[in-house]
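[1] give me a 3D structure for the following:
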Amino acid sequence: MTPQTRRAPRANERGFTLIELLIVVAIISIIAAVAVPNLLKSRQQGNEVSAATSLMAISKAQVMFSVSCGGGAYAASLTTLGTPSPGTTETFLSPDLTGSATPSKAGYNFTLGTGAGASPGPNDCNGTATTTTYLATAVPQTFGQTGSRSFAVNSAGTVWMNFLATPPTEPFGAPAQTYR
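    Numbering: from 1, shown residues only. Next up is the predicted model:
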């Protein structure tokens, strides 16, 4: 047989038709259209849980700091919670939240500052200034994509949330609500 001659396909050598391939592509597209939004929503919810859990960790770290190093007062910055007490190597909070004054984690930006009615406290065991109250916040990096809730916690230790791109403010109340 020469390269220019073609033989007719046999009945058992039949391939896919264009219509069959288009149907398969359409089915895959429909599955992707349903699955992708659910995947993004799940990721967003995971980010929100991580943010609220991180604020709970900040609250617990502040209590430990107050009792062991702060003389009854609280750290005024997240980096202070990343500094161990003299003679120890253990920090009060993990490095992912203490590496900078305003860390980012799981699609959220975190801050720590003075709370409502704060006044200066005594210097801590490392000689760093403290405060009598604190307010820690977690705000989505891209509201509606990385998270649809903002969170805050103060020295009372309760995590508050709202469905806004800004965190709840003190005194806490509507439209904010407690988390869980």
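
[2] chain center to the lowest-mean-pLDDT helix or strand in the chain, what's the gap?
    One helix or strand of the chain scores below all others by mean pLDDT, DSSP states H and E: helix 18-68, with a mean of 93. Between the centre of helix 18-68 and the centre of its chain there are 10 Å (Cα atoms, centre = their mean, to the nearest Å).

[3] distance of G72 relative to V63?
    Plainly put, G72 is 11 Å away from V63 if you go by Cβ to Cβ, to the nearest Å. Where C-beta positions appear, they are placed from N, C-alpha and C, glycine not excepted.

[4] of these two, which one has the most company?
    V63 (14 against 10; other Cβ atoms under 10 Å).

[5] helices of this structure, start to end?
    For the chain, the helices defined by DSSP state H occupy 18-68, 78-81, 95-98.

[6] okay, those in JSON lines with distance to N154 next?
    JSON lines is the format used below for those (distance: least, Cβ to Cβ, whole Å):
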{"stretch": "helix 18-68", "distance to N154": "8"}
{"stretch": "helix 78-81", "distance to N154": "15"}
{"stretch": "helix 95-98", "distance to N154": "17"}
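
[7] circling back: check which helices and strands the least confident helix or strand of the chain sits against.
    Helices and strands touching helix 18-68, as assessed by 3 or more Cβ pairs under 8 Å, 6 or more residues apart in numbering; DSSP states H and E, comprise strand 74-75, helix 78-81, helix 95-98, strand 104-105, strand 108-114, strand 134-140, strand 150-154, strand 159-162.

[8] what packs against the third one?
    Counting contacts by 3+ Cβ pairs under 8 Å, 6+ apart, helix 95-98 is packed against helix 18-68, helix 78-81.

[9] sorry, back to before: quick one: closest of the helices of the chain to A116.
    Nearest to A116 among these is helix 18-68; the distance by Cβ to Cβ comes to 15.4 Å.

[10] export stretch 77-86 to PDB, keeping only CA atoms.
    Output of stretch 77-86 as PDB, limited to C-alpha atoms (Å, rounded to 0.1, in the frame of the first residue of the first chain):
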ATOM      1  CA  SER A  77       2.200  44.000  70.300                       C
ATOM      2  CA  LEU A  78       2.300  40.500  68.800                       C
ATOM      3  CA  THR A  79       6.100  40.600  68.600                       C
ATOM      4  CA  THR A  80       6.200  41.000  72.400                       C
ATOM      5  CA  LEU A  81       4.300  37.700  72.700                       C
ATOM      6  CA  GLY A  82       7.100  36.100  70.600                       C
ATOM      7  CA  THR A  83       9.800  37.100  73.100                       C
ATOM      8  CA  PRO A  84      10.500  34.500  75.800                       C
ATOM      9  CA  SER A  85      10.800  35.500  79.400                       C
ATOM     10  CA  PRO A  86      14.400  35.800  80.700                       C
END
